[in-house]
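>>> Below are the sequence and a predicted model for it; my questions follow.
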Amino acid sequence: MSGMAIHIGEMLARNARMFPGSTALVERSPAERKRITITWHEFDRRANMFAQALRGMGIKKGDRVMHLMHNSIDWLVVYFGIVRTGAWVVPLNFRFTADDIQYCAKVAEPRMFVFGEEFRERLESIKDTLHSVEKYIHVGETVPPFFAQAYATLLAGAPADPMQVEITMEDPCGLYFTSGTTGQPKPILLTHKNMESACIAENRHHFQTKEDNFILIPPLYHTGAKMHWFGSLIVGGPAVILKGISPQWILEAVSEEKGTIVWLLVPWAQDILLKLDSGELKLEHYELAQWRLMHIGAQPVPPSLIAHWKRYFPEMGYDTTYGLSEATGPNCVHLGIENTRKIGAIGRPGFNWETRIVDEQGDDVISGQPGELIVRGNGVMREYYKNPEATAKALKDGWLYTGDMVREDEEGFIYIVDRKKDVIITGGENVFPVEVENFLHAHTAVKDVAAIGFPDERLGEVVAVVVDPVPGKELSEADVLEYCQALPKYKRPRKVFFGEVPRNPTGKIEKPKLRKKYTGAEEAFKL
């Protein structure tokens with residue numbers, strides 16, 4: 001790069017000019033035995049067509065467009081089409097309930113809602129309450145509901161001319177909803193400068209070239225997967241969107257598509273190793289020599305897992321990064337492919353990032369002592385949208401306060417010591433204890449309840465609940481587990497304990513006491 005700032009929409013256009021006939025994306029659906037490809041020229045053309053269709057429907061710079069779809073080529077076409085209008089794209093977690101969607105729409109006030117056919121029922125149940133939404137666009141092969149227009153029809157009737165919209169690097173690009181410790185989704189406003197920062201840092205960390213092929217598995221609504229792919233976008237490298245997760249499908253995708261880089265979550269890596277250990281999968285059945293890098297993020301990585309991985313893939317590079325949505329996803333802290341001797345650390349400051357470890361007053365701690373990690377760089381969000389109080393707590397003098405407690409060793413490598421927040425990370429997904437607690441509080445036999453993370457080798461953590469029953473009422477472990485079947489699978493407790501829930505004088509649950517009692521952890525979880 002020459003030093004000139006280029007937003008992600010222009011990166012796509014540049015790839016179309018430089019590599020028009022090269023493959024940009026492959027969409028693999030192993031369960032359906034389907035494979036779809038798209039070139040950079042066609043990707044760029046469709047994004048322009050969707051942008052023009054949106055403009056024809058009245059969308060302009062600064063508007064918000066909600067985006068709720070499963071991973072696909074069309075997911076990215078829609079995303080880049082929205083971005084090119086100058087509107088803010090608002091990608092939603094496909095696990096969000098109708099209530100979650102309703103809340104996000106109330107905050108974002110979108111004028112338009114683009115949704116995949118799988119989410120039709122969810123939207124039909126709440127559309128009359130989404131007062132800001134003027135029009136809906138239905139993506140899929142089924143007939144759209146009466147209230148929505150068909151994506152394919154809109155695309156077919158739109159011109160492919162580039163949009164003439166001035167977009168600066170300081171302009172908002174996307175509104176990403178995560179969740180805070182209360183469990184209520186927090187709206188994080190990211191700019192085009194933030195997105196460019198993610199592209200540059202990811203490419204600098206993992207050295208992607210146009211010859212690399214990135215196997216993309218995690219959901220695109222999340223800042224992790226998409227921002228890792230940005231390292232390929234910036235150089236015009238291809239990527240494979242793998243729909244469906246199984247060890248066999250992952251190895252087949254790497255083998256048949258000549259994949260070179262794969263980002264995994266801990267459970268996926270564990271599952272691959274278990275299949276290799278059992279002999280159900282055999283490496284000699286696949287062409288994997290070109291697979292140069294496996295990296296993991298989104299949760300603490302057990303060093304034993306990487307040692308196990310290296311027994312099967314001794315020459316393959318390994319890396320991990322630490323990030324958060326408020327920092328435009330991964331890369332503010334980065335281990336580095338060359339630092340496998342430091343597995344267990346999250347790394348050192350990422351490219352173009354600074355880090356500090358501070359005490360409650362914001363002063364640097366003594367080297368080796370635990371403190372809160374704060375980071376500064378071009379990836380730091382603009383704000384929590386419409387939440388100045390939360391913004392003021394998180395952003396101080398350009399530094400983002402992560403809420404994570406860490407320590408630094410004598411070589412400057414950072415280790416997570418404890419999570420300041422009580423978020424439970426299971427299989428890379430965040431579970432907010434209050435959601436589980438509120439759900440169980442509705443049970444007539446539950447007097448009090450607390451949810452904590454319980455260490456799990458495969459998932460990092462699972463949800464555990466400590467239940468204090470109503471005196472005189474019968475409540476068994478089976479009763480609790482059965483009741484929780486109504487929760488999304490990843491939020492369901494895997495461990496149930498019975499006992500008193502300790503609370504401090506202000507009524508807050510004393511989670512450290514529970515962790516110590518039920519998990520044996522002195523200070524939550526250490527790596």
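Noted; the coordinates are in hand. Residues are numbered from 1 along each chain as shown.

>>> Residue ranges in the stretch 151-300 of the chain under the pLDDT threshold?
Residue ranges of the stretch 151-300 of the chain with pLDDT under 70: 179-183, 299-300.

>>> go with 90
178-186, 222-225, 265-271, 274, 296-300 (pLDDT under 90).

>>> quick one, strands of it?
Assigned by DSSP state E, counting those that start in this stretch, the stretch 151-300 of the chain shows strands spanning 172-179, 185-191, 214-216, 239-242, 261-264, 293-296.

>>> What helix or strand is Ser304 located in?
Using DSSP states H and E, the element containing Ser304 is helix 303-312.

>>> Measure how the very next helix or strand once past that helix sits relative to helix 303-312, angle-wise.
On the C-terminal side of helix 303-312, the nearest following helix or strand under DSSP H and E is strand 317-324. Angle of strand 317-324 versus helix 303-312, following axes from the mean of the first three to the mean of the last three Cα atoms, to 10 degrees, is 150 degrees.

>>> ok, the closest residue to Cys484 other than its chain neighbours to Asp99 distance?
Of all residues not flanking Cys484 in the chain, Arg492 sits nearest, at 4.7 Å (Cβ to Cβ, 6 or more residues apart in numbering). C-betas here are computed from N, CA, C, even on glycine. Taking Cβ to Cβ, to the nearest Å as the measure, Arg492 falls 18 Å from Asp99.

>>> swap in Trp399?
Distance from Trp399 to Asp99, by Cβ to Cβ: 34 Å.

>>> again, but for Ala298
As for Ala298, its distance to Asp99 is 25 Å (criterion: Cβ to Cβ).

>>> cool, and Ile250?
Using Cβ to Cβ, Ile250 is found at 34 Å from Asp99.

>>> likewise Gly9?
On the measure of Cβ to Cβ, Gly9 and Asp99 end up 33 Å apart.

>>> hey, which helix is longest across this protein?
Longest helix in the chain by number of residues (criterion: DSSP state H): helix 40-56.

>>> and that one, what does it pack onto?
helix 8-18, strand 23-29, helix 73-84, helix 151-156 (3 or more Cβ pairs under 8 Å, 6 or more residues apart in numbering; DSSP states H and E).

>>> Can you say which of these is nearest to Asp128?
Proximity to Asp128 (Cβ to Cβ) singles out helix 151-156 among those, at 22.3 Å.

>>> Next, the buried residues of that closest one.
Buried residues in helix 151-156, counted by 16 or more other Cβ atoms under 10 Å: 151, 154-155.

>>> Which strands or helices does it pack on?
For helix 151-156, the elements it packs on are helix 40-56, strand 135-139, judged by 3+ Cβ pairs under 8 Å, 6+ apart.

>>> closest to Asp128 out of these?
Evaluated over the helices and strands packed on helix 151-156, closeness to Asp128 peaks at strand 135-139, with 12.3 Å, by Cβ to Cβ.

>>> how close does the residue positioned nearest the centre of the chain sit to Ala53?
What sits nearest the mean C-alpha location of the chain, by Cα atoms, centre = their mean, is His222, with 2.8 Å. Using Cβ to Cβ, His222 is found at 26 Å from Ala53.

>>> residues near Ala390, how many?
Ala390: 15 surrounding residues under other Cβ atoms under 10 Å.

>>> in what helix or strand does it lie?
Per DSSP H and E: helix 388-394 holds Ala390.

>>> Going by neighbour count, which residues of that helix are buried?
Within helix 388-394, judged by 16+ other Cβ under 10 Å, the buried ones are 391, 394.

>>> Touching the helix or strand following it from outside, list them.
Downstream of helix 388-394, the first helix or strand assigned by DSSP H and E is strand 395-396. Residues from elsewhere that reach strand 395-396 (Cβ atoms under 8 Å, 6 or more residues apart in numbering): 362, 380-381, 383, 401.

>>> With distance to Arg122 as added columns, please give the buried residues of helix 151-156 in JSON lines.
Putting these into JSON lines (distance: Cβ to Cβ, whole Å) gives the following:
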{"residue": "Tyr151", "distance to Arg122": "17"}
{"residue": "Leu154", "distance to Arg122": "21"}
{"residue": "Leu155", "distance to Arg122": "23"}
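
>>> just these now: which is nearest Thr355?
Nearest member of the buried residues of helix 151-156 to Thr355, counting by Cβ to Cβ, is Tyr151, at 42.4 Å.

>>> surely that closest one meets Tyr136?
No: the criterion here is Cβ atoms under 8 Å, and Tyr151 misses it with Tyr136 at 10.3 Å.

>>> Averaged pLDDT, stretch 26-45. What do you get?
Taken as a whole, stretch 26-45 has a mean pLDDT of 97.
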